[in-house]
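[1] Okay, here's the prediction I keep looking at, along with the sequence it came from:
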Amino acid sequence: MLSDADLLRLPLEDLTALARVVRDGAHGRRVTFSPKVFIPLTMLCRDKCGYCTFAKAPARVTAPYLLPEEVLAIAEAGKAAGCHEALFTLGERPELRYPSARRWLEEHGVDAVIAQGVEAGGHRAMFLTSEPASQVGTLVLVPQIVDAVSPIPVVAAGGIFDGRGIAAALMFGAVGVNLGTRFITSTEAPAPEEWKRAMTGAKSEDAIKVDVLNDISPLPGTEGFHTVGRSLPTAFWMSGAASAKRRDAIVTV
Ligand SMILES: Cc1cc2nc3c(=O)[nH]c(=O)nc-3n(C[C@H](O)[C@H](O)[C@H](O)COP(=O)(O)O)c2cc1C
Ligand code: SF4
């Protein structure tokens, strides 16, 4: 066995010959690789990491973002070249830094953005995770989204139940609000009276998050789309087929 000092003194060719023996003993001469195509959704980035070799300035790209048909064309070209993996690459939130990125979003049919905080009820867009970072509240989220996507209008959603909430959302820069839970308790809603009373009488800590919604209504794909509903505990959630997974998955908020 050679010492580190002996190894460092070896000529490069002898060193690589020894390394080959070690490699062949462990793995043989098999080399594996995964042919993949890189799809750069946007090469603009709000950050300025010194080591970055990916991000470019707007003047160096033909457009801030790829269009869906361009993404598809790159993927098809990769497939034709034998790739069986696609790797999406992108900079972080370029619209925060570059007006051209903001303009592009506006010009390409983004009419409005809904900023939906963790308070939102029902079947909403929120991953179930213990990470506090994914649990952003509406009044913290809305002004950040407004700043990020302006002049695209922002609609606030999540935990807004009355005029005070609407006024607050407007003060934070939203142009409107999207209410969900509140409408279930309205006179016009066909929900059972008992359920309406339970909702109006509930405290915030009575709500649970439910991770079985995707099993029950898996559209748009066969596996659904990962959302975590926020609801009051009903007999359905607490028993029957849903219960095993629910017990593992729910957290109170
Ligand atoms: C019973 C119920 C079902 C919902 N289903 C959906 C849905 O299928 N897709 C969706 O994007 N949002 C869904 N939402 C979320 C609403 O669009 C809205 O963003 C949310 O309810 C706002 O928060 P709030 O309930 O605190 O008012 C649902 C909300 C409720 C209350
Ligand atoms: S693309 Fe990644 S590494 Fe490059 S500047 Fe942005 S965050 Fe930094």
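    Now that the structure is in, tell me what you want to look at. Ligands and ions are numbered 1, 2, ... in the order given.
[2] and residue 147, how far is that from ligand 1?
    21 Å (C-beta to the nearest ligand atom, to the nearest Å). Every C-beta, even on glycine, is put in place using the N, C-alpha and C of the backbone.
[3] what do you get for residue 148?
    Taking C-beta to the nearest ligand atom, one finds residue 148 at 19 Å from ligand 1.
[4] Repeat that for residue 200.
    Residue 200 sits 13 Å away from ligand 1, going by C-beta to the nearest ligand atom.
[5] Can you verify residue 167 is assigned to a strand?
    No. Looking at residue 167 with DSSP: H, G, I helix; E, B strand; the rest coil, it is helix, so not inside a strand.
[6] and the stretch 1-150 of the chain, which residues reach ligand 1?
    Within the stretch 1-150 of the chain, the positions adjacent to ligand 1 are 116, 119, 120, 121, 122, 123, 124 by C-beta under 6 Å from any ligand atom.
[7] Look up the pLDDT of the closest residue to the fourth one other than its chain neighbours for me, please.
    Spatial nearest neighbour of residue 121, chain neighbours left out: residue 181 (3.8 Å); criterion: C-beta to C-beta, 6 or more residues apart in numbering. Predicted confidence (pLDDT) at residue 181: the value is 91.
[8] list the contacts for residue 181?
    121, 122, 161, 199 (C-beta atoms under 8 Å, 6 or more residues apart in numbering).
[9] Please identify the helix or strand for the residue nearest to the third one when sequence neighbours are not counted.
    With C-beta to C-beta, 6+ apart as the criterion, residue 161 has its nearest non-adjacent residue at 4.8 Å, and that residue is residue 182. Taking DSSP states H and E as the definition, one finds residue 182 inside helix 181-184.
[10] Report the contact partners of residue 145.
    Contacts for residue 145 (C-beta under 8 Å, 6+ apart) come out as 113, 115, 154.
[11] Next up, phi/psi of the first one, please.
    In other words, residue 113. When read as degrees, to the nearest 10, the backbone of residue 113 gives phi -120, psi 130.
[12] which residues touch it?
    145, 149, 152, 153, 154, 155.
[13] so which of these is the most crowded?
    With neighbours taken as other C-beta atoms under 10 Å, the top of the contacts of residue 113 is residue 154, carrying 25 neighbours.
[14] residues contacting that residue?
    Residue 154 neighbours (C-beta under 8 Å, 6+ apart): 112, 113, 114, 115, 142, 145, 146, 173, 174, 175.
[15] Could you rerun that using 6 Å?
    By C-beta atoms under 6 Å, 6 or more residues apart in numbering, residue 154 lies in contact with 113, 115, 145, 146, 174.
[16] I'd like the distance between residue 18 and ligand 2.
    Taken as C-beta to the nearest ligand atom, the span from residue 18 to ligand 2 is 36 Å.
[17] Please apply the same query to residue 206.
    Counting by C-beta to the nearest ligand atom - residue 206 and ligand 2 are separated by 40 Å.
[18] what stretches of the stretch 51-200 of the chain score poorly on pLDDT?
    Applying pLDDT under 70 to the stretch 51-200 of the chain flags residues 125-134.
[19] Please, where are all the helices along it?
    68-80, 99-107, 138-149, 163-171, 181-184, 193-201 (DSSP state H, counting those that start in this stretch).
[20] Okay, buried residues for stretch 42-58 please.
    By neighbour count with 16 or more other C-beta atoms under 10 Å, stretch 42-58 contains the buried residues 42, 43, 44, 45, 55, 58.
[21] Mind telling me what element the closest residue in space to residue 79 that isn't next to it in sequence is part of?
    Counting by C-beta to C-beta, 6+ apart, residue 79 lies nearest to residue 37, which is 7.7 Å off, once chain neighbours are set aside. Taking DSSP H and E as the criterion, residue 37 maps to strand 36-42.
[22] in terms of contact count, name the helices or strands touching that strand.
    The contact analysis (3 or more C-beta pairs under 6 Å, 6 or more residues apart in numbering; DSSP states H and E) places strand 36-42 against helix 68-80, strand 85-90.
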